[in-house]
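Participant: Here is the input, now give the coordinates:
(one chain, ligands or ions: 1)
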Amino acid sequence: MAGSSRPETLNQAEIFDAVVAAYMAAGWCPICSAQAAFGRQIGFRQVQPPCPSCRGLQPPHGFSNDRSRSWAAGKDHKDDPS
Ligand SMILES: [Zn+2]
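Facilitator: As a prediction, the model looks like this:
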């Protein structure tokens, strides 16, 4: 209870929701939108690659960088045999 709360939790939750909403508005499915939000927080190598119908879509404006674009293209997964 007292003194054990983590002050960053709410802020990170708000950012997470904002990223999910932005991806869904850009045409991504809810599952991949959540993966992208996790990837932004913990690293895109730590999450699943986009599903076949989302792979190749562009990350939404404001959340597009080298890491997210590489993930969006399906290039960022070590287990990908191609
Ligand atoms: Zn998807």
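Participant: Pull out the buried positions in the helix or strand containing residue 39.
Facilitator: Here residue 39 sits within helix 30-42, counting by DSSP states H and E. Going by neighbour count (16 or more other C-beta atoms under 10 Å), the buried part of helix 30-42 is 32-40. Glycine gets a C-beta too; all of them are placed from N, C-alpha and C.
Participant: can you redo the residues you listed as CSV with distance to the ion and pLDDT?
Facilitator: Converted to CSV, the buried residues of helix 30-42 look like this (distance: C-beta to the ion, whole Å; pLDDT from 0 to 100):
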residue, distance to the ion, pLDDT
32, 3, 98
33, 8, 98
34, 10, 98
35, 8, 97
36, 9, 97
37, 13, 97
38, 13, 96
39, 13, 96
40, 16, 95
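Participant: Out of these, flag the one nearest to residue 16.
Facilitator: residue 37 (4.7 Å; C-beta to C-beta).
Participant: residues contacting that closest one?
Facilitator: 15-17, 19-20, 23 (C-beta atoms under 8 Å, 6 or more residues apart in numbering).
Participant: how about low-confidence regions in the chain?
Facilitator: Where the chain drops to pLDDT under 70, the residues are 1-8, 76-82.
Participant: isn't residue 16 right next to residue 36, touching?
Facilitator: No. Using C-beta atoms under 8 Å as the test, residue 16 is too far from residue 36 to be in contact (10.0 Å).
Participant: residue ranges of the helices in the chain, please?
Facilitator: For the chain, the helices defined by DSSP state H cover 8-25, 30-42, 66-72.
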